[in-house]
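Novice: structural data only, the sequence is not supplied:
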């Protein structure tokens with residue numbers, strides 16, 4: 001059994017929130033990454049409320065380190081979706097239309113959360129470092145600041161702003177997410 005010093009958690013959370021606030025106030029972008037099954041829905045919901053990009057299904061290797069190629073796939077996904085909405089795909093046979101629908105659904109799972117990310121973010125907020133360590137490594141290589149909930153089962157050395165907490169407990173993640181949401185929304189309103 002492992003115990004967290006909640007005073008240290010509060011102190012580190014305050015540091016992380018200060019950094020997030022400054023980043024958002026400066027007009028820079030952040031992205032939420034959390035692919036743990038129990039956290040996907042709440043992370044996606046808060047990301048949508050804050051208007052930030054998110055990855056909740058699976059981290060695609062190269063999202064940061066091979067950003068140009070990922071952007072081409074995102075553009076293709078947006079183009080296919082647009083063609084479907086405008087009816088341009090109606091000229092194809094039913095089987096081809098079905099294939100397009102399957103492809104759109106597959107691309108939506110992969111790229112829907114980052115469809116509006118036009119450039120690399122300045123910070124990545126990771127919920128579950130053990131599962132999304134590839135994201136952290138890519139962020140480190142590209143000089144992107146990493147904020148992460150750090151549980152007892154991971155090495156916090158890769159993280160710039162570690163928040164010691166249980167990343168499996170929905171209640172602790174929800175609390176931290178709410179604080180981050182307040183911080184982002186307040187920072188955006190203060191700059192307007």
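Specialist: In hand now; what should we look at? None of these values were measured; they are calculated from a predicted model.
Novice: for the most centrally placed residue in the chain, what are its contacts?
Specialist: Residue closest to the mean C-alpha point of the chain, counted by C-alpha atoms, centre = their mean, is residue 32 at 2.4 Å. When contacts are counted by C-beta atoms under 8 Å, 6 or more residues apart in numbering, residue 32 is found next to 43, 46-47, 52-56, 125, 127. (C-beta placed from N, C-alpha, C; glycine too.)
Novice: what's the helix or strand for it?
Specialist: Element membership for residue 32 (DSSP states H and E) is strand 30-33.
Novice: now the buried members of the contacts of residue 32.
Specialist: 43, 46-47, 52-56, 125, 127 (16 or more other C-beta atoms under 10 Å).
Novice: out of the contacts of residue 32, which comes closest to residue 111?
Specialist: Distance to residue 111 across these (C-beta to C-beta) is lowest for residue 55, with 9.4 Å.
Novice: and the pLDDT at that closest one?
Specialist: With respect to pLDDT, residue 55 scores 94.
Novice: repeat for the one 10 residues further on
Specialist: The confidence metric pLDDT takes the value 92 at residue 65.
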